[in-house]
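Peer 1: Model the following, please.
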Amino acid sequence: MNHIPRTRTVVSCTLLVAALGAGVTACGSDGDPLSDKPYDAAGLISFSGPTGAKKRADPDKPLEITANSDEGRITDVTAQDSTGRYVAGELTADGSRWHSTSPLAANAHYTVTVSTEDEDGAPGRHILAFDTSKPTSKKRLHVTFGPNAGTYGVGQPITAALDQEIKDKAQRAVVERALRVDSTPAVTGSWYWVSGKELHFRPKEYWPAHATVRVHSNLDGIRIGDRLWGGAAKPLKITTGDRIEAVTDASSHQMTVYRNGEEINQIPVTTGKPGFETRNGVKVVLGKQYFVRMRSTTVGIAEGSSDSYDLPVYYATRVTWSGEYVHAAPWSVGSQGYANVSHGCTGMNTSNAEWFFNTVREGDIVKVVNSEGDGMEPFGNGFGDWNVDWQKWRTGSALFDGAPDGPPPAERVRLRPAAV
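Peer 2: Sure, this is the predicted structure:
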């Protein structure tokens, strides 16, 4: 019995890779189930999409493929557009129905391969092809990935800046599913919504040393919400270098530097004095400047007070936007290794500062322990992402089912020159 494909009106749903199927069990004439060439299963299935050559599918509606239960069942469905994006879907346990669970892209060409078996177990296959219509709105969401392409330390998060705010959790889920991060070697990681316009991605642990990380968006042409569609985004590729970690113990006034787990240097330092304590926690190198003019007024210290300063500083490695550096402090050499006398920065002699400056790169880890100060902020004052417990980090994803939403948008900290 032949079945004519029919068009169905179905409600809007959602899209990514899906190939949910059962193994073929047909027996050929020689008893080998793999020897049979699949027959054309066009008559066994019905398709909700367009049938005419010039008709276009509505990308706001999901795909649905059904089988005649009295003649056979669907065993596998793959749907893919011409750019390689797959459509996620679900197949019922009895093989009677498959439907897509992720959104189709607008103005795209799709190929759908349906595998079946009839009531006698013979394998069938049918290939469907169709185009989707253009978006009904010109409003697009654009994503910019960070950092810039290059080589970074193992603590460097990936950032995604959106040009429009996304508040709705369902819309966030559409966006997040389309933002792909692939690492070689592979890692377990997750996006975190820092705000409605910013996401950060980090692995459960630091990136592996000498990894390659590729980031791209599959949002182009995807419907996000009412009259909002995804736009094109420039992909990103970064690599990581050696695993460099600098751990400063504020109580013993020593910094220990490790490369790939092996200690390579120990440096006497001074950190923040009472009232100006250095932040505890993990920070990430944000940048390096050979020379910085550091003025106390930029960190709220009144000019002319006992704590005011105006100093030329060399070999300055920045770890917070609010002015915390690791730098040369020749004026405090007598206290380095013995006492904390700075205004929040980590100071060392000039030769050690030069060595540190030349050893670290953006994304390397700078950790402070045993300070009397507060902890490093997770967001808004550099990259404090690693101070968030992994279980809590996962709840910041719009795809974390049943978990509370992430924190409210982080308050941005104004860029200030420095505290010595």
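Peer 1: contacts and neighbour counts: CA atoms only from here.
Peer 2: Noted.
Peer 1: which residues of this structure score low on pLDDT?
Peer 2: 1-36, 51-54, 69, 136-137, 297, 302, 304, 306, 402-420 (pLDDT under 70).
Peer 1: So for it, the centremost residue is which one?
Peer 2: residue 201 (3.2 Å; Cα atoms, centre = their mean).
Peer 1: what sits against residue 333?
Peer 2: 348-349 (Cα atoms under 8 Å, 6 or more residues apart in numbering).
Peer 1: repeat that with 6 Å
Peer 2: residue 349 (Cα atoms under 6 Å, 6 or more residues apart in numbering).
Peer 1: ok, so what distance separates it from residue 269?
Peer 2: 8 Å (Cα to Cα, to the nearest Å).
Peer 1: Now do stretch 148-158: distance from first to last residue.
Peer 2: 10 Å.
Peer 1: Would you mark the buried spots in it?
Peer 2: 151-158 (16 or more other Cα atoms under 10 Å).
Peer 1: circling back to that earlier point, can you tell me the element the closest residue to the residue nearest to the centre of the chain other than its chain neighbours falls in?
Peer 2: Nearest in space to residue 201, with sequence neighbours left out and distances taken as Cα to Cα, 6 or more residues apart in numbering, is residue 191 at 4.3 Å. If you go by DSSP states H and E, residue 191 is part of strand 189-195.
Peer 1: What are the contacting residues of that strand?
Peer 2: Contacts for strand 189-195 (Cα under 6 Å, 6+ apart): 199-204, 396-397, 409.
Peer 1: quick one: the strands in the stretch 51-200 of the chain?
Peer 2: 56-57, 64-67, 72-81, 89-91, 97-100, 109-118, 123-132, 140-141, 143-146, 150-152, 158-162, 179-184, 189-195, 198-203 (DSSP state E, counting those that start in this stretch).
Peer 1: Let's have these in TSV, adding distance to residue 389.
Peer 2: Formatted as TSV, the strands of the stretch 51-200 of the chain follow (distance: least, Cα to Cα, whole Å):
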stretch	distance to residue 389
strand 56-57	44
strand 64-67	41
strand 72-81	37
strand 89-91	33
strand 97-100	34
strand 109-118	41
strand 123-132	42
strand 140-141	30
strand 143-146	23
strand 150-152	22
strand 158-162	17
strand 179-184	20
strand 189-195	12
strand 198-203	12
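Peer 1: out of these, nearest to residue 41?
Peer 2: strand 123-132 (5.0 Å; Cα to Cα).
Peer 1: Let's see that closest one as CSV, backbone CA atoms only.
Peer 2: Extracted C-alpha coordinates of strand 123-132, given in CSV (Å, rounded to 0.1, in the frame of the first residue of the first chain):
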residue,chain,number,x,y,z
PRO,A,123,15.1,-2.4,5.7
GLY,A,124,13.9,0.7,3.9
ARG,A,125,15.1,4.2,3.4
HIS,A,126,13.8,7.4,2.0
ILE,A,127,15.5,10.8,1.5
LEU,A,128,13.5,14.0,1.8
ALA,A,129,14.8,17.5,0.8
PHE,A,130,13.3,20.9,1.3
ASP,A,131,14.0,24.6,1.9
THR,A,132,12.9,26.8,4.7
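Peer 1: so that strand versus strand 72-81, what angle?
Peer 2: Counting by axes from the mean of the first three to the mean of the last three Cα atoms, to 10 degrees, strand 123-132 lies at 40 degrees to strand 72-81.
Peer 1: Strand 123-132 vs strand 109-118, what angle?
Peer 2: Going by the same axes, to 10 degrees, strand 123-132 makes 160 degrees with strand 109-118.
Peer 1: so who does residue 233 touch?
Peer 2: Here residue 233 is in contact with residue 143 (Cα under 6 Å, 6+ apart).
Peer 1: if you set the cut-off to 8 Å instead, what comes out?
Peer 2: Contacts of residue 233 by Cα under 8 Å, 6+ apart are 142-144, 216-217, 220.
Peer 1: Distance check, it against residue 355.
Peer 2: Distance from residue 233 to residue 355, by Cα to Cα: 39 Å.
Peer 1: ditto for residue 101
Peer 2: 54 Å.
Peer 1: End to end on stretch 61-70, go ahead and measure it.
Peer 2: So stretch 61-70: terminal residues 28 Å apart, Cα to Cα.
Peer 1: make that stretch 253-267, sorry
Peer 2: Using Cα to Cα, the two ends of stretch 253-267 sit 9 Å apart.
Peer 1: same check, this time on stretch 362-379
Peer 2: 17 Å.
Peer 1: Which parts of the protein are helices?
Peer 2: 169-178, 350-359, 390-395 (DSSP state H).
Peer 1: got any residues that touch both of residue 333 and residue 269?
Peer 2: Joint contacts of residue 333 and residue 269 (Cα under 8 Å, 6+ apart) are residue 348.
Peer 1: need the helices of the chain in TSV with distance to residue 252 and mean neighbour count, can you?
Peer 2: Formatted as TSV, the helices of the chain follow (distance: least, Cα to Cα, whole Å; neighbours: other Cα atoms under 10 Å):
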stretch	distance to residue 252	mean neighbour count
helix 169-178	44	18
helix 350-359	17	17
helix 390-395	29	17
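Peer 1: how about CSV for the ones you listed, with distance to residue 374 added?
Peer 2: Formatted as CSV, the helices of the chain follow (distance: least, Cα to Cα, whole Å):
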stretch, distance to residue 374
helix 169-178, 32
helix 350-359, 25
helix 390-395, 20
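Peer 1: Right, I'll leave it there.
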